[in-house]
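In: Fold the stuff below for me.
(one chain, ligands or ions: 1)
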Amino acid sequence: MAGSDNQTLVTDVRPYGEGDAVNVLIRDGVVVEIGADLSADAEQTVDGRGGVLLPGFVDLHTHLREPGREDTETIETGSRAAALGGYTAVFAMANTDPVADTAVLTDHVWARGQKVGLVDVHPVGAVTVGLGGTQLAELGAMADGVAGVRMFSDDGKCVHDPLLMRRALEYARGLDVLIAQHAEEPRLTVGAVAHEGAAAARLGLAGWPRSAEESIVARDAILARDAGARVHICHASTAGTVELLRWAKAQGIAITAEVTPHHLFLDDSRLATYDPVNKVNPPLRESSDCAALRAALAEGVIDCVATDHAPHADQDKCCEFAVARPGMLGLQTALSVVVATMVAPADGAGTLDWRGVARVMSERPAQIVGLPDQGRPIEVGEPANLTVVDPDASWTVDATALVSIGRNSPFDGMELPARVRATLLRGRVTALDGAVVGR
Ligand SMILES: NC(=O)N[C@@H](CC(=O)O)C(=O)O
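Out: Numbers count the residues shown, from 1 in each chain. Presented below is the predicted three-dimensional model:
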């Protein structure tokens, strides 16, 4: 008998990895029942045996390259990677070509993401026209558009003019939107390609000092304080940034921050091969920075994990280190890297449990941008944006098997723990056992 076509049953899962396994019934995109002996005439049943049920992941920082560089990623291929990675919402950065600095473009990105239908693709609007850093973009028009843009960033570039940043924060406060800063004082990184430290010095690579990031984090915390605005720090990468965030939060400044999976895991010892797959902005730092970032994420000084998924074409990446584009793939490996660094690290000293994973990959990101239907508790009556994780799986990353068009994964060939088994967007299965499930 055909099942009821608006119902999905997820069986034998442990919400947040706690308690006994339960079945979860979803109807019309909403969780309607959770129970041990629950059965239902559902159209689709997801066998979650042994799985941990988490709220769907939310990525505040991804590059989908459409429009302009569809040879490296499109909204469709990026959405597929997101679904396979357990994501139900992603924020697509504005550094496309043309730049997403008008409502026409941000509304287009939103509409395209909805048409693909695998993940909610929220466009990030540019702070300045063309990411030029001299003239504010029409934040209000983008916020009022169909996409309802709620986050603005010149990511890839820093809004380095302090007066312009101040104005942006003042407007953002009025519009109740978020400015996300790529913290890099450009005068301190002219020609820089790697973290300024012993490894870069040995290899003859021009250095990107920690102070380039930290000076902007400190400045923007103070500007946000005086504007009474919220500010979000993209891809925090240094131990000093952690201390500045701790200070600013203690003052009551409305500052939040993200860390990428690669900055939690990889350090500048990776540079020794000169392989440009390890080139990224901000650069891979020292192992002491990685340790500080992990501790800050566990403690909540850093709020969340964001991928900074940055696909590039072979011709832009497989070339001399100094000229290669910075950036790494992240969507399909993020959960596994978070587990490898925070939940089940090799030394056995895990600092996050599954509830903590839900906090940093789903709840906090949704709260930071104010998404009402994401990062919600797993409870009856809540929207069924959900991810089933196999905590006992292990897999070897094969960059050629990832669904992004770019192949630039620094985790290629590594064996990583845990795997996303299923992703559900408003109750509809978008990924199952490593395959995308289309509409
Ligand atoms: N994070 C990266 O290394 N790359 C980003 C932009 C940037 O921040 O340089 C990209 O768009 O490729």
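In: Enumerate every residue touching the residue nearest the centre of the chain.
Out: Centrality entry for the chain: nearest residue to the mean C-alpha point is Ala306, 2.6 Å, by C-alpha atoms, centre = their mean. Taking C-beta atoms under 8 Å, 6 or more residues apart in numbering, we find Ala306 in contact with 59-62, 234-235, 258-260, 365. In short, each C-beta sits where N, CA and C put it, glycine included.
In: So of those, which two are at opposite extremes in space?
Out: Farthest apart among the contacts of Ala306 by C-beta to C-beta are Thr62 and Val259. That separation is 14.7 Å.
In: Thr102 - nearest residue in space that isn't next to it in sequence?
Out: Distance criterion C-beta to C-beta, 6 or more residues apart in numbering; nearest residue to Thr102, sequence neighbours excluded, is Glu138 at 6.7 Å.
In: residue contacts, the one you found?
Out: Contacts for Glu138 (C-beta under 8 Å, 6+ apart) come out as 101-103.
In: Ok, Val280 next?
Out: By C-beta under 8 Å, 6+ apart, the neighbours of Val280 are 262, 308, 310, 326-328.
In: The ligand contacts on the stretch 301-439 of the chain?
Out: Applying C-beta under 6 Å from any ligand atom, we find that the stretch 301-439 of the chain lies next to the ligand at 308, 310, 325-327.
In: Just flag the most distant two among those.
Out: The most widely separated members of these, counting by C-beta to C-beta, are Asp308 and Arg325 (13.1 Å).
In: and for those two, which residues touch both?
Out: With contacts defined as C-beta under 8 Å, 6+ apart, no residue is shared by Asp308 and Arg325.
In: neighbour-wise, which of the two wins?
Out: Neighbours were tallied for Asp308 and for Arg325 using other C-beta atoms under 10 Å; the higher tally belongs to Asp308 (29 against 19).
In: Flag every residue of the stretch 51-200 of the chain that's near the ligand.
Out: With the criterion set to C-beta under 6 Å from any ligand atom, the stretch 51-200 of the chain comes near the ligand through 63, 95, 155-156, 182.
In: can the residues of the stretch 301-439 of the chain next to the ligand go into JSON lines with extra columns for pLDDT and secondary structure?
Out: Converted to JSON lines, those look like this (pLDDT from 0 to 100; DSSP: H, G, I helix; E, B strand; the rest coil):
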{"residue": "Asp308", "pLDDT": "99", "secondary structure": "coil"}
{"residue": "Ala310", "pLDDT": "98", "secondary structure": "coil"}
{"residue": "Arg325", "pLDDT": "98", "secondary structure": "coil"}
{"residue": "Pro326", "pLDDT": "98", "secondary structure": "coil"}
{"residue": "Gly327", "pLDDT": "98", "secondary structure": "coil"}
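In: ok, and Pro365, which helix or strand is that part of?
Out: Assigned by DSSP states H and E, Pro365 belongs to helix 364-369.
In: With Arg225 instead?
Out: Using DSSP H and E, Arg225 maps to helix 210-227.
In: In its sheet, which strands sit next to the next helix or strand after that helix, and in what direction?
Out: The helix or strand immediately downstream of helix 210-227 is strand 231-233, counting by DSSP H and E. Strand 231-233 has the following strand partners under DSSP bridges: strand 178-181 (parallel), strand 255-259 (parallel).
In: residues in contact with Asp154?
Out: So Asp154 contacts 94-95, 126-128, 131, 133, 182 (C-beta under 8 Å, 6+ apart).
In: Leu175: which of those is nearest?
Out: Using C-beta to C-beta, Val127 is the member of the contacts of Asp154 that sits closest to Leu175, with 12.2 Å.
In: is it true that the closest one touches Phe152?
Out: Yes: in this structure Val127 lies within contact range of Phe152 using C-beta atoms under 8 Å: 4.9 Å.
In: and for those two, which residues touch both?
Out: Residues touching both Val127 and Phe152 (C-beta under 8 Å, 6+ apart): 137, 139, 168, 179.
In: if you look at the residues you listed, which of them are in strands?
Out: Members of the shared contacts of Val127 and Phe152 lying in strands (criterion: DSSP state E): Ile179.
In: How far away from the center of its chain is stretch 402-409?
Out: Offset of stretch 402-409 from its chain centre (C-alpha atoms, centre = their mean, to the nearest Å): 16 Å.
In: ok, and what's touching that stretch?
Out: 70-74, 77-78, 80-81, 84, 277, 309-314, 317, 327-329, 331-333, 397, 399-400, 436.
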